[in-house]
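# Here is my input; please provide its structure:
(chains A and B)
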Amino acid sequence: MPYLGSEDVVKELKKALCNPHVQADRLRYRNVIQRVIRMSKLDQWGQAEVLNFLLRYQPRSEEELFDILNLLDSFLKSSSPSVVMGAAKLFLILAEKFPHVQTDVLMQVKGPLLAACSSESRELCFAALCHVRQILHSLPGHFSSHYKKFFCSYSEPHYIKLQKVEVLCELVNDENVQQVLEELRGYCTDVSADFAQAAIFAIGGIARTYTDQCVQILTELLELRQEHITTVVVQTFRDLVWLCPQCTEAVCQALPGCEENIQDSEGKQALIWLLGVHGERIPSAPYVLEDFVENVKAEAFPAVKMELLTALLRLFLSRPAECQDTLGRLLHYCVEEEKDMAVRDRGLFYYRLLLAGVDGVKRILCSPKSDPSLGLLEDQAERPVNSWASDFNTLVPVYGKARWATISKCQGPERRGLELPNTASFAASGPLIPEEDKERVQESSGSGVLMLVPNLQLTAECFEKAWLSLQVAHQQALPWQGAVHPDTLQMALQVVHIQTIAVSRAGAQPWKAYLSAQDDAGCLFLMELLWEPGNSAVQISVKQSEPRPEALSSFMSVLETVIGTIGDIKL
Amino acid sequence: MISQFFILSSKGDPLIYKDFRGDSGGRDVAELFYRKLMGLPGEESPVVMHHDDRHFIHIRHSGLYLVATTSENISPFSLLELLSRLATLLGDYCGSLGEGTISRNVALVYELLDEVLDYGYVQTTSTEMLRNFIQTEAVVSKPFSLFDLSSVGLFGAETQQSKVAPSSAASRPVLSSRSDPSQKNEVFLDVVERLSVLIASNGSLLKVDVQGEIRLKSFLPSGSEMRIGLTEEFCVGKSELRGYGPGIRVDEVSFHSSVQLDEFESHRILRLQPPQGELTVMRYQLSDDLPSPLPFRLFPSVQWDRGSGRLQVYLKLRCDLPPKSQALNIRLHLPLPRGVVSLSQELSSPEQKAELCDGALRWDLPRVQGGSQLSGLFQMEVPGLPGPPGQGQSTSAPPLGLGPASLSFELPRHTCSGLQVRFLRLAFRHCSNANPHKWVRHLSHSDAYVIRI
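Below is the predicted model of the structure:
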């Protein structure tokens, strides 16, 4: 049982959560919640627990919401990081309709988060960095002025350095881009190859917005002729050229000479792709590809061979004289001697394509490509805070969304077995909405209270008998645009479980429809819709088998909604 | 909350294992954790790991792994705070936290865990409340001897400079109920600052960051009121101004929840009634605007002959502290390019030492007086070293892999921000048997002092 400081506290909380009498009395309920919040005797663990409980409480009105926020304001300034984060999460969730309050909270939490990022404890530092990244998804400019705090230190463990580099990549803006790029450039020559490669990819990420400076830095890095650097730079160029076509020229000038320094599969593929697509601008392209073809027998990676085929074919279309011989040799090798079936198939396909005529090949391979910048815009759209507010201060940001998805998938089937022991603790009791409000919530959502029986099969004779025996309970006129196709009407009514007994065909004068429905208490509703051409409204008469006004009114609201929707649909 | 809690030594031997929920399913969870930790790929973080249906979260403290497992999705901050607090608590009760002390005090540790956590929920971590329940005594190792001076520990273990015999406070359990009248009634106040600096290759200062803490370790009976007075000109934030002159400024400050701040505004006095044990009274940080000059500047010059593969590095280290102060245990760590074969050195004084270690140069200077300059000339053979092309055969551009120099040092009796504790007064207690001893110490040490070549 959570121990929140004293026996009284536990009693109060139990009362608040379990006793239906307290829940029914609005005033006493609110007082109990407030008393719980006001308790100063709680230590940091108690405070964190209270904040956790309050996550499930939905305040009834705006003033109550702000009341709670005021009371909890001091928690945001606590010296314990778990209390501050718990309070921040609660505020973010309670204020989901008030984005400016959320931004305010994130401002207040900036100080403690930055202090945690420079903490002595590596683990706390890591957890804080993950949350900083989470916030940056929604507010990219939030930490831009504090970029210096995210510079990596030599002695930090690798996982922290990687997180900091990601953060640096995301908080770049016009003012700090120069310094951040300087810093990242320093990391690119780091002793650790993994870290250097991560830094280069980060520069590639920044290059989408600040293309010129980044391309220059990357070109300089190529001059170092270091294998692990060159391969990643070429891969970054390949991605960049696709997204920012304006840097193609600079890239093409930097490429010659790289082929000597690349040994790994990814790098080779990237280089070959670039040579194939932009080979017209690179004078030495055919000769580089020729080198690759000479050594194709010794090439260990099938992916490289596939890329080579496509690239050489592309280059052949723009520079036929230089590539014809090479292409021929490559195709001969792939078709006759290659053991990997995928490569062989592709070679065969290209050969047959060429047999069909060069013009056909040109049409296929050089057709206009999709605009990559469109996809990029969607990708980078800022996600609203509400999409991740419930994940804040949990383990989700620490793992990262992708990993968490795989974890929860394999956790899913096992968890059901473990659910049972937890129901005993009152931590698992249901939401803290008091009884009265449940009804109000349900009413406003429409036909929730009134449950209409689906698949009602009322025959025409029964309908007629019932209709003639009952009195009209309610009459109403609703705006109506014009004749409606009977099928449309029938389908729309079916959705809300109203059965159509008979409908005049479209265009009949006067146009009538007879409908019936039954609710779960057994009360039958019978309706007649009457529309005279020239009227702008349809007359509805409703008859009820049992006199029940509240059921009638909710039924009418359902009917109005449906009629309103159908009425908007033209024939 | 927590399902299991265990402590492993640095080699993975379980020292303590406590299961709160009984849902380990018969598996050896500690073994599972250690294997997973050792087998983790480089870029994944070991802080939170997942296996089967449980999450493992751990901290490393004094070479030990303190691990908690949970199957729910709870706040990482509260778990990490709990683990740190447990580490401090165990240190308070057993004297210090280490493999030896834990194995000697297993019963005490289990008793503590029983009281602190119930069914995985935190009951209390306050030393006040726990005193009433803990019966076991801590087993202390042999008394401190002058011959085994360890490296700088906090709370009294002074360096060779002090003529007073080092107190055993660093390793004495705080909360033992054995009343030893001569050893009681001490209180230690440490102002510790961590300095992080980044200097670019052209000598300009890229980043400077000071993180400071005022830590209190009290052996006094709980409830004795004490007042700590800080420098009166101490300002918080950029706009405040007190006293004459620039004053002592920090950017942000945060206090422990038990500190009373009514006299802070006027006289910069903190009032509190600390429980026994360790407590961080105040935390502050300062960036970008140090009042005093940086303690060390390095002037490197590199000469590299590509033809013969000889690399010559001349390092001049200048200490800019005031002449009366000194820095201790300075170590300069300079990563070298791959393939360094030999090292010859000329150092300016005999007590320095330099050696090749793990592909890096390590230069040890035990003591540097303020205002002095030390230099070292290092020559290495590096055959076949790549570097920036287009340079001539002999060049002064640094080769690839000659990494940033990092310095580690301690500055006793010095605070980089200038903050000083003026006084530490204890309220008069009628029944104290001896005058309580008060030790106040200021110390700065480097966190990450990096100078790029």
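
# in stretch B:50-60, what counts as buried?
Of the residues in stretch B:50-60, B:50, B:53-59 count as buried by neighbour count, 16 or more other Cβ atoms under 10 Å in any protein chain shown. Placement of C-beta: from N, CA and C, glycine included.

# farthest-separated two in these?
Taking Cβ to Cβ, the two most distant members of these are B:D53 and B:I59; they sit 22.3 Å apart.

# Sort out for me which of the buried residues of stretch B:50-60 are in strands.
B:50, B:54-59 (DSSP state E).

# ok, which of those also contact chain A?
Among those, proximity to chain A is found for B:50, B:55, B:57-59 (Cβ under 8 Å from any Cβ of the partner chain).

# Using JSON lines, lay out the ones in strands among the buried residues of stretch B:50-60 together with distance to B:W363.
Putting those into JSON lines (distance: Cβ to Cβ, whole Å) gives the following:
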{"residue": "B:H50", "distance to B:W363": "43"}
{"residue": "B:R54", "distance to B:W363": "46"}
{"residue": "B:H55", "distance to B:W363": "43"}
{"residue": "B:F56", "distance to B:W363": "40"}
{"residue": "B:I57", "distance to B:W363": "38"}
{"residue": "B:H58", "distance to B:W363": "35"}
{"residue": "B:I59", "distance to B:W363": "32"}
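
# now, among the residues you listed, which is nearest to A:L255?
Closest to A:L255 out of these is B:H50 (42.4 Å), distances taken as Cβ to Cβ.

# Is that closest one in contact with A:V398, as I believe?
No. Contact criterion Cβ atoms under 8 Å: B:H50 and A:V398 do not qualify, at 10.2 Å.

# and A:E166, what is it in contact with?
A:133, A:202 (Cβ atoms under 8 Å, 6 or more residues apart in numbering or on different chains).

# now do 10 Å
Shown in contact with A:E166 (Cβ atoms under 10 Å, 6 or more residues apart in numbering or on different chains): A:129-130, A:132-133, A:136, A:150, A:198, A:201-202, A:205.

# Ramachandran coordinates for it?
Reported as degrees, to the nearest 10, the phi and psi values for A:E166 are phi -60, psi -40.

# how far away is it from chain B?
Between A:E166 and chain B the computed distance is 11 Å (Cβ to the nearest Cβ, to the nearest Å).

# Same check on A:V361?
In this structure, A:V361 and chain B are 41 Å apart, going by Cβ to the nearest Cβ.

# Over to A:Q518?
For A:Q518 relative to chain B (Cβ to the nearest Cβ), the value is 45 Å.

# Can you list the buried residues in the helix or strand encompassing that residue?
Assigned by DSSP states H and E, A:Q518 belongs to strand A:511-518. Buried residues in strand A:511-518, counting neighbours by 16+ other Cβ under 10 Å, are found at A:511, A:513-518.

# For that strand, enumerate the helices and strands it packs against.
helix A:460-469, helix A:486-495, strand A:499-503, strand A:524-531, strand A:537-544, helix A:549-568 (3 or more Cβ pairs under 10 Å, 6 or more residues apart in numbering or on different chains; DSSP states H and E).

# Go again with 7 Å.
When contacts are defined as 3 or more Cβ pairs under 7 Å, 6 or more residues apart in numbering or on different chains; DSSP states H and E, strand A:511-518 packs onto strand A:499-503, strand A:524-531.

# in its sheet, what does it sit against?
strand A:499-503 (antiparallel), strand A:524-531 (antiparallel) (DSSP bridges).

# Most tightly packed of those?
strand A:524-531 (a mean of 20; mean count of other Cβ atoms under 10 Å in any protein chain shown).

# orientation of that one relative to helix A:549-568 in degrees?
Going by axes from the mean of the first three to the mean of the last three Cα atoms, to 10 degrees, strand A:524-531 is angled at 40 degrees with respect to helix A:549-568.

# So what touches strand A:524-531?
Contacts to strand A:524-531, defined as Cβ atoms under 7 Å, 6 or more residues apart in numbering or on different chains, come from residues A:463, A:466-467, A:470, A:480, A:510-518, A:538-545, A:555.

# cool, and stretch B:205-216?
With Cβ under 7 Å, 6+ apart as the contact definition, stretch B:205-216 has outside contacts at A:118, A:148, A:151, B:154, B:189-200, B:274, B:278-288, B:290, B:416-417, B:419.

# where does chain B have low pLDDT?
Scanning chain B for pLDDT under 70 picks out B:141-184, B:239-246, B:384-396, B:428-434.

# How is it partitioned into domains?
Structurally, chain B divides into domains by the TED database as follows: B:4-131, B:186-291+B:414-451, B:296-383+B:400-412.

# Dump those to TSV, plus distance to A:A193.
Putting the domains of chain B into TSV (distance: least, Cβ to Cβ, whole Å) gives the following:
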stretch	distance to A:A193
domain B:4-131	10
domain B:186-291+B:414-451	20
domain B:296-383+B:400-412	12
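
# Minimum distance to A:A250: which of those domains has it?
Ranking the domains of chain B by proximity to A:A250 (Cβ to Cβ) places domain B:296-383+B:400-412 first, at 23.9 Å.

# Near chain A, which residues of the stretch 1-150 of chain B? Just list them.
Residues of the stretch 1-150 of chain B lying close to chain A (Cβ under 7 Å from any Cβ of the partner chain) are B:42-45, B:47-48, B:50, B:53, B:55, B:59, B:71, B:73-78, B:80-81, B:84, B:121-124, B:126.

# just the buried members of these?
B:45, B:47-48, B:50, B:53, B:55, B:59, B:71, B:73-78, B:80-81, B:84, B:121-124, B:126.

# got the buried residues for the helix or strand containing A:Y350?
Assigned by DSSP H and E, A:Y350 belongs to helix A:341-355. Within helix A:341-355, the residues that count as buried by 16+ other Cβ under 10 Å are A:343-344, A:346-347, A:350-351, A:354.

# Could you do stretch B:193-202 as well?
Buried-residue list, stretch B:193-202, by 16+ other Cβ under 10 Å: B:193-200.

# Present those as JSON lines; the columns should include secondary structure and distance to A:C252.
Below are the buried residues of stretch B:193-202 laid out as JSON lines (DSSP: H, G, I helix; E, B strand; the rest coil; distance: Cβ to Cβ, whole Å):
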{"residue": "B:E193", "secondary structure": "strand", "distance to A:C252": "52"}
{"residue": "B:R194", "secondary structure": "strand", "distance to A:C252": "48"}
{"residue": "B:L195", "secondary structure": "strand", "distance to A:C252": "47"}
{"residue": "B:S196", "secondary structure": "strand", "distance to A:C252": "42"}
{"residue": "B:V197", "secondary structure": "strand", "distance to A:C252": "42"}
{"residue": "B:L198", "secondary structure": "strand", "distance to A:C252": "36"}
{"residue": "B:I199", "secondary structure": "strand", "distance to A:C252": "38"}
{"residue": "B:A200", "secondary structure": "coil", "distance to A:C252": "32"}
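
# near chain A too, which of those?
Answer for those near chain A (Cβ under 7 Å from any Cβ): B:196, B:198.

# wait, which of the buried residues of stretch B:193-202 is closest to A:A48?
For the buried residues of stretch B:193-202, the nearest to A:A48 is B:R194 (27.2 Å; Cβ to Cβ).

# Is the nearest residue to that closest one once chain neighbours are set aside in a helix, a strand, or coil?
Excluding its sequence neighbours, the residue lying closest to B:R194 (Cβ to Cβ, 6 or more residues apart in numbering or on different chains) is B:D447, at 3.9 Å. Following DSSP: H, G, I helix; E, B strand; the rest coil, B:D447 is assigned to strand.
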